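1. Quick one, structure for this:
(one chain, ligands or ions: 3)
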Amino acid sequence: MSNPTLLILPGDGIGPEVMTEVRKVIDWMGSSRGISFDVSEALVGGASYDAHGTPLTDETMEQAQSVDAVLLGAVGGPKYDDLDFSVKPERGLLRLRKEMDLYANLRPAQCFDALADFSSLKKDVVAGLDIMIIRELTSGIYFGEPRGIITEGNERIGINTQRYTESEIARVARSAFELARKRGNKVCSMEKANVMESGVLWRRVVTEVHEAEYSDVELSHMYADAGAMQLCRWPKQFDVIVTDNLFGDLLSDAAAMLTGSLGMLPSASLGAPMSNGRPKALYEPVHGSAPDIAGQGKANPIACILSFAMALRYSFDLGEEATRVEQAVEKVLADGLRTADLIGEEGVSPVSTSAMGDAIIAALDASV
Ligand code: NAD
Ligand code: IPM
Ligand code: MN
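-> Ligands and ions are numbered 1, 2, ... in the order given. Reported below is the predicted structural model:
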């Protein structure tokens with residue numbers, strides 16, 4: 001049988017730096033576990049714009065559609081801030097999500113014991129935390145029409161449209177209920193049904209799907225602003241949170257700080273099953289290209305490495321190997337290794353991106 005295929009899109013800023021460390025883990029899987037991937041690599045974001053004048057070429061889009069899984073680093077940076085919207089780096093990523101129809105974005109926020117003291121919240125609020133935010137990723141205000149900047153009289157008007165069809169809501173709700181059944185069996189749906197019609201429909205459809213297909217799962221609803229507050233107050237009340245594209249973007253960055261750093265949060269963006277029964281999938285850290293630390297060897301590669309672990313679990317049915325990678329990360333953190341983003345107290349010196357990657361490989365070696 002041929003090897004599973006992976007397309008790597010390192011992107012911009014710290015994207016290529018953290019992806020170098022993921023490559024070590026991919027290579028380790030081949031050499032130490034006999035699990036080899038056919039890996040190809042292409043440009044995305046600003047790097048693609050610089051080379052081809054577009055943040056994603058049609059060839060790379062086609063490649064992404066044809067592989068078993070895509071791994072992406074990060075896109076964007078100040079150099080591209082003034083570009084026309086149609087060619088901004090972020091548009092490359094949005095095109096991948098939209099054309100691959102990756103509607104369910106799984107963003108787990110797990111607090112490793114070794115970092116429980118490091119969160120900006122009190123230890124007992126975050127210790128043992130394990131929640132999953134499911135963000136709708138292909139619709140809502142990110143993609144709704146009309147959009148643009150128009151001029152009426154002497155006024156410029158910026159327009160974006162929040163729009164959800166019931167089938168878009170129903171399918172992401174199903175993803176949330178399915179996942180909840182494999183975890184704590186609880187879903188909290190977040191919207192703003194008090195002020196937005198799309199929120200009213202969201203709540204109605206989630207409730208209908210629940211009643212018809214998942215009444216064994218506990219369902220609650222929360223306004224997204226109250227949800228943000230509850231995430232900081234007592235996040236352990238949640239198991240699975242399902243929410244729309246924009247609220248999910250904000251809530252998952254906030255949830256990152258429960259785990260200690262944005263450099264810790266992985267994600268999986270999943271679509272409908274392909275002919276082999278596996279979902280279309282793209283894996284990427286939740287963080288961006290971190291222009292403030294790019295090129296300095298300071299980036300934390302853990303979010304990207306854990307994103308590869310999610311690929312092992314969700315695209316390749318290699319749950320045990322995914323757990324092995326997660327435990328290797330846990331081990332190096334327990335041993336006290338910290339990249340700069342994880343350093344609070346004085347007297348602890350940070351390790352570089354590559355030293356963190358090497359330590360994770362050493363922990364993997366020790367696991368077999
Ligand atoms: P960011 O996530 O890049 O950085 C926010 C802060 O977190 C910075 O201080 C950064 O140094 C720190 N940080 C992020 N990841 C880290 C890591 N792995 N290790 C250590 N520290 C880390 O967000 P931003 O600064 O708002 O955005 C920068 C650029 O990235 C923008 O162009 C934005 O559009 C883009 N972006 C891309 C993605 C993506 O590709 N998925 C996600 C978010 C932002
Ligand atoms: C994320 C990012 C993206 C988003 C940008 C880069 C398009 O912030 O993946 O969280 O807003 O979805
Ligand atoms: Mn974001």
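2. can you map out the helices along the stretch 1-150 of the chain?
-> Under the criterion DSSP state H, counting those that start in this stretch, the stretch 1-150 of the chain contains helices at 15-33, 46-52, 58-66, 89-99, 123-126.
3. Quick check: residues of this structure near ligand 1?
-> Neighbours of ligand 1 within the chain, by Cβ under 6 Å from any ligand atom: 14, 18, 74-77, 90, 93, 262-263, 284, 287-293, 299-300, 303, 341. Backbone N, C-alpha and C define where each C-beta goes, glycine included.
4. residue contacts, the residue nearest to L306 when sequence neighbours are not counted?
-> Closest residue in space to L306, ignoring its immediate chain neighbours: P266 at 3.7 Å, by Cβ to Cβ, 6 or more residues apart in numbering. Contacts of P266 were listed using Cβ atoms under 8 Å, 6 or more residues apart in numbering, and they are 107-108, 283-286, 303-307, 309-310.
5. which two from those residues end up farthest apart in space?
-> R107 and I305 (15.7 Å; Cβ to Cβ).
6. Kindly list the longest strand within the protein.
-> Looking across the chain with DSSP state E, the single longest strand is strand 144-152.
7. Pull the residues that contact that strand.
-> R156, I157, G158, I159, N160, T161, Q162, R163.
8. Give the pairing partners of it; include direction for each.
-> strand 155-161 (antiparallel) (DSSP bridges).
9. CA atoms only: put the partner strand into CSV for me.
-> Provided in CSV are the C-alpha atoms of strand 155-161 (Å, rounded to 0.1, in the frame of the first residue of the first chain):
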residue,chain,number,x,y,z
GLU,A,155,-19.1,58.8,3.8
ARG,A,156,-17.1,55.6,3.4
ILE,A,157,-19.0,52.5,4.6
GLY,A,158,-17.4,49.2,5.6
ILE,A,159,-19.7,46.3,5.1
ASN,A,160,-19.6,42.6,6.2
THR,A,161,-22.6,40.3,6.5
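10. which strands and helices sit next to the helix or strand just after it?
-> Downstream of strand 155-161, the first helix or strand assigned by DSSP states H and E is helix 166-181. When contacts are defined as 3 or more Cβ pairs under 8 Å, 6 or more residues apart in numbering; DSSP states H and E, helix 166-181 sits against strand 104-110, strand 130-136, strand 186-191, helix 197-213, strand 240-243.
11. C-alpha coordinates for the second one, CSV please?
-> Below are the C-alpha coordinates for strand 130-136, written out as CSV (Å, rounded to 0.1, in the frame of the first residue of the first chain):
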residue,chain,number,x,y,z
ASP,A,130,-9.6,19.9,28.8
ILE,A,131,-12.2,21.6,26.7
MET,A,132,-12.8,21.5,22.9
ILE,A,133,-14.0,24.6,21.0
ILE,A,134,-15.6,23.8,17.7
ARG,A,135,-15.6,26.8,15.5
GLU,A,136,-17.7,26.9,12.3
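12. Give me the neighbour count for V348.
-> When neighbours are defined as other Cβ atoms under 10 Å, V348 has 12 of them.
13. In terms of pLDDT, where does the residue of the chain most remote from its centre sit?
-> Within the chain, G153 marks the point farthest from the mean C-alpha position, 41.7 Å out by Cα atoms, centre = their mean. For G153, the pLDDT comes out at 97.
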